[in-house]
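Colleague: Just need the structure, nothing else, for what follows:
(one chain, ligands or ions: 1)
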Amino acid sequence: MTDTQDHIAERKMQFLFALRSRGVTDATVLTAMEKIDRGLFIKGTFADRAYEDMPLPIAFGQTISQPSVVGLMTQALRLTGREKVLEVGTGSGYQAAILSQLSRRVYTVDRHRGLVGEAMRIFRDLDLTNITALCADGSFGLPDQAPFDRIIVTAAAEDPPGPLLNQLKVGGIMIVPVGQSDAVQSLIRVARSETGFDYDELLPVRFVPLVEGLGRDG
Ligand code: SAH
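Modeller: Numbering: from 1, shown residues only. The predicted model follows:
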């Protein structure tokens, strides 16, 4: 192996080790995260930190989530490969790309058109044909495609948005960070049953806030 190959292999090993040590243990999730190169989703000065377990800035003052949090959220969705999934908060597109490996179809929406466009370009390059990315206010979900087997919200809401709860199938799971925007939030798993919704608190997290309406470029 050349030096560069050695270096890449070692970074990849450290990346996967960090995921495992933070509780990402599902083999299918780890395989997806090994396959999808996070480096492709980060531009500019922070690109060389893509394999560290930390959130990083992307365009429009937003962030790409910490890899271990992406892994834990994905794991909490309990995907089997057959699901129709809605992601609110496309951001860089990294989380959607991971979901595309583990589900049937992914719809991802962001209020910034610029982010959606950039993510779509990467999905095309990677030939991820089961992702549809749209510019929309995700707090209203995606009524045209509802209901969903799984919903993942990657921006923090004060409460799980009502329209999203309504667009979740019975037997479905939604993962959403809940709390005041700049305080520590809780990652919540909502499971919908015939009779209502069950809520589970998973871990403390910190996400950018879910903001109403489209961005200025939206
Ligand atoms: N999942 C992303 C990280 C998301 S950061 C990744 O893998 O990189 C949160 C994103 O939520 C931001 O891009 C922000 O623009 C978006 N967002 C915030 N409020 C929103 C809303 N109401 N509807 C859609 N997207 C929203």
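Colleague: CA atoms of the longest helix along the chain as PDB?
Modeller: Assignment by DSSP state H gives helix 3-21 as the longest helix of the chain. Extracted C-alpha coordinates of helix 3-21, given in PDB (Å, rounded to 0.1, in the frame of the first residue of the first chain):
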ATOM      1  CA  ASP A   3       1.300   6.100   2.200                       C
ATOM      2  CA  THR A   4      -1.900   7.700   1.100                       C
ATOM      3  CA  GLN A   5      -3.800   4.400   1.000                       C
ATOM      4  CA  ASP A   6      -2.400   3.500   4.400                       C
ATOM      5  CA  HIS A   7      -3.500   6.900   5.700                       C
ATOM      6  CA  ILE A   8      -7.000   6.500   4.300                       C
ATOM      7  CA  ALA A   9      -7.400   3.000   5.600                       C
ATOM      8  CA  GLU A  10      -6.300   4.100   9.100                       C
ATOM      9  CA  ARG A  11      -8.600   7.100   9.100                       C
ATOM     10  CA  LYS A  12     -11.500   4.800   8.100                       C
ATOM     11  CA  MET A  13     -10.600   2.400  10.900                       C
ATOM     12  CA  GLN A  14     -10.600   5.200  13.500                       C
ATOM     13  CA  PHE A  15     -13.900   6.600  12.200                       C
ATOM     14  CA  LEU A  16     -15.600   3.200  12.600                       C
ATOM     15  CA  PHE A  17     -13.900   2.700  16.000                       C
ATOM     16  CA  ALA A  18     -15.300   6.000  17.200                       C
ATOM     17  CA  LEU A  19     -18.800   5.100  16.000                       C
ATOM     18  CA  ARG A  20     -18.700   1.700  17.800                       C
ATOM     19  CA  SER A  21     -17.300   3.200  21.000                       C
END
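Colleague: next structured bit after it?
Modeller: helix 27-35 (DSSP states H and E).
Colleague: Which other helices and strands does the following helix or strand past that following helix contact?
Modeller: Once helix 27-35 ends, the next helix or strand along the chain (criterion: DSSP H and E) is strand 56-57. Applying 3 or more CB pairs under 8 Å, 6 or more residues apart in numbering; DSSP states H and E, one finds that strand 56-57 contacts strand 63-64. (Each C-beta comes from the backbone N, C-alpha and C, glycine too.)
Colleague: For the strand it packs on, give me every contacting residue.
Modeller: Arg38, Phe41, Ile42, Pro55, Leu56, Pro57, Ile58, Gly91, Ser92, Tyr94, Val208 (CB atoms under 8 Å, 6 or more residues apart in numbering).
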